[in-house]
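[1] Fold the following and give me the result.
(one chain, ligands or ions: 2)
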Amino acid sequence: MKIALLGYGKMGKAIEEIAEKRGHKIVLKVEEDIENYDLDNSKIDIAIDFSVPKAAFKNITTCFKQGIPVVSGTTGWLDHYEKAKKVCEENNTAFIYASNFSLGVNVFFELNQKLANMMKGLEDYSVEIEEIHHVQKLDAPSGTAITLAEQIIEKNPRVNGWQLDDAEKDEIPVYAKRVEDVPGTHTVTYDSEIDKIEIVHTAKSRQGFALGAVVAAEYLKDKTGIFTMKDVLADLFQN
Ligand SMILES: NC(=O)C1=CN([C@@H]2O[C@H](COP(=O)(O)OP(=O)(O)OC[C@H]3O[C@@H](n4cnc5c(N)ncnc54)[C@H](O)[C@@H]3O)[C@@H](O)[C@H]2O)C=CC1
Ligand SMILES: O=C(O)C1=N[C@H](C(=O)O)C[C@H](O)C1
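    Ligands and ions are numbered 1, 2, ... in the order given. Predicted coordinates:
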């Protein structure tokens, strides 16, 4: 595949390394306003966006308008997700967004949903989420922590929302910590007076995020429509 990288920071570089190992070619690196680049869809099969929250929507929709499918992992811009989907559909192209592309985190998401379903009737337990990331991270809480919270809210009718730090009794408190060089650690804790249940995912590097994004791009390349990592994983486990 001929890949355009939208964002060439920590993730852009990790994706370049894995994409090239898998036989793909990086044909464009966008590092500033996308209007300054030539987005020729005859030279680009797919765009992979790991940029910054304030640029993601423009990056993604500019590609759609050129008929270029997009894989996006940028977090902190999701207020515009529905609009982005609409632009994708209007231009007959394809889109996958995931707050976390790591295959391990996507297994962790499944586990979180199953645990939330089991815990929903156990009123003695309170639930909280903690995420730890490197100090350069621009958004808090992480996109992954928001996905974990939304999954619990969907399963448990006693939980009505989430808040960063100070939550009401019917909300999930989400704690965001920033520590030098941490690629990403997420913990979901259920606590009662007699015991504590924790599930933890610890990324050891950015390799898992980058591999998942390239696998998602390979899946998306010749498709039309809106997809999720669930579709990618179903396809992967089928083959
Ligand atoms: N979904 C997932 O699996 C993962 C998501 N992320 C998210 O990806 C995003 C990028 O993460 P990192 O690479 O660690 O950040 P980074 O700060 O290392 O890289 C972002 C890059 O975007 C560039 N940039 C600035 N304005 C731009 C524009 N208008 N167009 C294109 N690029 C522009 C910056 O110069 C920088 O090099 C963040 O939102 C982060 O939360 C990070 C890791 C995994
Ligand atoms: O900014 C990061 O680094 C990461 N961001 C994503 C998020 O916000 O959840 C995914 C991963 O945890 C790394």
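[2] In terms of residue numbering, what are the domains of the protein?
    2-101+207-238, 103-202 (automatic domain parsing).
[3] What's the mean pLDDT across the longest one?
    What it means is domain 2-101+207-238. With pLDDT averaged residue by residue, domain 2-101+207-238 scores 97.
[4] Tell me if it is near ligand 1.
    Yes: against ligand 1, domain 2-101+207-238 shows contacts by Cβ under 6 Å from any ligand atom at 6-12, 30-34, 50-53, 55, 59, 73-76, 98-101, 209. Just so you know, the C-beta spots here come from the backbone N, C-alpha and C atoms, and that holds for glycine as well.
[5] which among these end up buried?
    In the residues of domain 2-101+207-238 next to ligand 1, burial by neighbour count holds for 6-8, 11-12, 30, 34, 50-53, 55, 59, 73-76, 98-101, 209, counting by 16 or more other Cβ atoms under 10 Å.
[6] Please identify which helix or strand holds Thr189.
    strand 185-191 (DSSP states H and E).
[7] Please find the angle between the direction vectors of the very next helix or strand once past that strand and strand 185-191.
    Next along the chain after strand 185-191, taking DSSP H and E as the criterion, comes strand 196-202. Taking axes from the mean of the first three to the mean of the last three Cα atoms, to 10 degrees, one finds strand 196-202 and strand 185-191 inclined to each other by 170 degrees.
[8] How far does strand 196-202 sit from its chain's centre?
    Centre-to-centre, strand 196-202 and its host chain are 19 Å apart (Cα atoms, centre = their mean, to the nearest Å).
[9] close to ligand 2, is it?
    No: contact of strand 196-202 with ligand 2 (Cβ under 6 Å from any ligand atom) is absent, the minimum separation being 8.8 Å.
[10] mind listing what that strand pairs with, with the direction of each?
    Partners of strand 196-202 in the sheet, by DSSP bridges, are strand 185-191 (antiparallel).
[11] Residues touching the partner strand, excluding its own?
    105, 108, 112, 115, 119, 122, 125-133, 142, 144-145, 148, 152, 196-203 (Cβ atoms under 8 Å, 6 or more residues apart in numbering).
[12] Kindly give a single ChimeraX line that selects the buried subset of those.
    Here is the ChimeraX command that selects only those of those that count as buried (16+ other Cβ under 10 Å):
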select :105,108,112,115,119,125,127,128,129,130,131,132,133,142,144,145,148,152,201,203
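[13] Next step: the contacts of strand 185-191 restricted to helices.
    Using DSSP state H, the members of these that fall within helices are Val105, Phe108, Asn112, Leu115, Met119, Thr144, Ala145, Leu148, Ile152.
[14] Looking at these, spot the one nearest ligand 2.
    Ranked by distance to ligand 2 (Cβ to the nearest ligand atom), the ones in helices among the contacts of strand 185-191 are led by Thr144 at 3.3 Å.
[15] picking up where we left off before, which stretch among the domains of the chain is buried most, on average?
    domain 2-101+207-238 (a mean of 19; mean count of other Cβ atoms under 10 Å).
[16] Do a quick rundown of the strands in the protein.
    2-6, 25-30, 46-49, 70-72, 94-97, 126-133, 161-164, 171-178, 185-191, 196-202, 225-227 (DSSP state E).
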